[in-house]
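Asks: Return a 3D structure for these sequence lines:
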Amino acid sequence: MLESSVAPKALERTLYIGAACLGVLGLGSLLLQFFGASLLISTSLLVVVAAVVGNKLASHNSAMAAVWLLATSSLAAAFLIIFLSNYDAETASVPYAFWFLVIASWALAWASVSRFTEINTLSRTVNGVLTVLIPLIFGVWLLLLWEFVTQGHDVPKVLLPAPSDIGDRLVNSVPTLWADFKQTFIKSVLTGYIMGCSAGFLVAILIDRSPFLKAGLLPVGNLVAALPIVGIAPIMVMWFGFDWQSKAAVVVVMTFFPMLVNTVAGLSAASKIQLDLMNTYAANYWQSLFKLRLPEALPFIFNALKINSTLALIGAIVAEFFGTPIVGMGFRISTEVGKMNVDMVWAEIAVAALAGSLFYGFIALLERVATFWHPSMRSTAR
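Replies: As a prediction, the model looks like this:
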């Protein structure tokens, strides 16, 4: 059962009033200066009605208000995009009413997010939807504002292409982007990630067994972990060649020591009472390791895996700047910048960001499944 607040907060009420006022300003500006702009007039009326109805709904049902505000702000944004696509910003500046309506639509979307965050329910399905929906609304509106500013002010594509231009490049360059993704992520990142994390984990077990290694190897590891990528990458290219093997080697170096340090710290996370209990059961080292210390170390291990999921991608892309076949994300970024094809550069960045985010999300999902019993997982549940 959904619970809703009795009345909207002061900030949210301000958003309603501000959206309605901006809608009125936009309508008045259009009536005085651009009477023929019927699409913007419709958007102004929509914003005013959305703010008034949303304010009424918020006093009775938070969920209904959130859905109403999301729907109307999305429709207003669609109207604005249609207007912008049919408007020639090179010959005349975009009317002030357009910017009033952009801010008003954004205020409605902000109010919808505020209402969504106030929904309390015991349903895991609803909680899961809200967990995805709220950041999705925020991210979509960042892209919309980016689109409005670049198209409305006619920003040169060499400086900053609009998201629509980047999207067109993504759609029209799928074979090239897939070849680059396969070379960089599948071959270099995944291979180096698995090898580096596995080696770091195994060496951490050896260090845990040997005080000598713990005293001697960890300081050296911290020193090597501080080495810059730009210094390691050319050396690896000379050692392993120009293909993906040298990039995987860079990823191994970058992911090895975070896994090593976190695993060593995790193996020391078990309390003395727990260790004493295992001793009373006459458990040997390996029994204590697998039944107590490794489970206690899982949050540390997954922390290293999540850190390495982003480090690996960054390391592989940067390493490709120092020598690679004519394929790969880093190669494409460096060459397309020289050709002033900035939309292709942003397309590669978008693919890398999406791949890195999905990879990180996959590791986080595995962590939630494997450490559901840990207090940190229970405290993050809605």
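Asks: Break this structure into its domains for me.
Replies: 10-155, 171-379 (automatic domain parsing).
Asks: centre of the chain versus the longest one, how much separation?
Replies: Using CA atoms, centre = their mean, to the nearest Å, we find the averaged C-alpha position of domain 171-379 to lie 18 Å away from the chain's own average C-alpha position.
Asks: and it, average pLDDT?
Replies: Mean pLDDT, domain 171-379: 82.
Asks: Any regions of the stretch 1-150 of the chain where pLDDT drops low?
Replies: Flagging of the stretch 1-150 of the chain using pLDDT under 70 yields the residue ranges 1-18, 21-39, 58-62, 88-92, 122.
Asks: Quick one: the helices in it, in order.
Replies: 10-33, 38-58, 62-85, 96-117, 124-152 (DSSP state H, counting those that start in this stretch).
Asks: tell me the most buried of those?
Replies: When these are scored by mean count of other CB atoms under 10 Å, the highest mean neighbour count falls to helix 96-117 (a mean of 23). C-betas here are computed from N, CA, C, even on glycine.
Asks: What are the boundaries of the helices in the stretch 251-382 of the chain?
Replies: 272-280, 285-288, 294-319, 329-338, 342-370, 375-379.
Asks: May I see the buried residues of the fourth one?
Replies: Taking 16 or more other CB atoms under 10 Å as the basis for neighbour counts, the residues of helix 329-338 that come out buried are 329-334, 336.
Asks: picking up where we left off before, which one of the helices of the stretch 251-382 of the chain lies nearest to Phe256?
Replies: helix 294-319 (9.0 Å; CB to CB).
Asks: separation between the residue nearest to Asp243 when sequence neighbours are not counted and Ile235?
Replies: Spatial nearest neighbour of Asp243, chain neighbours left out: Pro325 (6.2 Å); criterion: CB to CB, 6 or more residues apart in numbering. The gap separating Pro325 from Ile235 is 19 Å, by CB to CB, to the nearest Å.
Asks: now do Gln183
Replies: 21 Å.
Asks: With neighbour numbers in mind, choose between the two.
Replies: Just comparing Gln183 and Ile235: by other CB atoms under 10 Å the higher neighbour count belongs to Gln183, 25 against 15.
Asks: That one against Ile326, yeah?
Replies: No. Using CB atoms under 8 Å, Gln183 is not in contact with Ile326, being 9.9 Å away.
Asks: can you tell me which residues contact the nearest residue to Val94 once chain neighbours are set aside?
Replies: Counting by CB to CB, 6+ apart, the nearest residue to Val94 once its immediate chain neighbours are dropped is Gly152, at 4.5 Å. When contacts are counted by CB atoms under 8 Å, 6 or more residues apart in numbering, Gly152 touches 84, 89, 94, 98-99.
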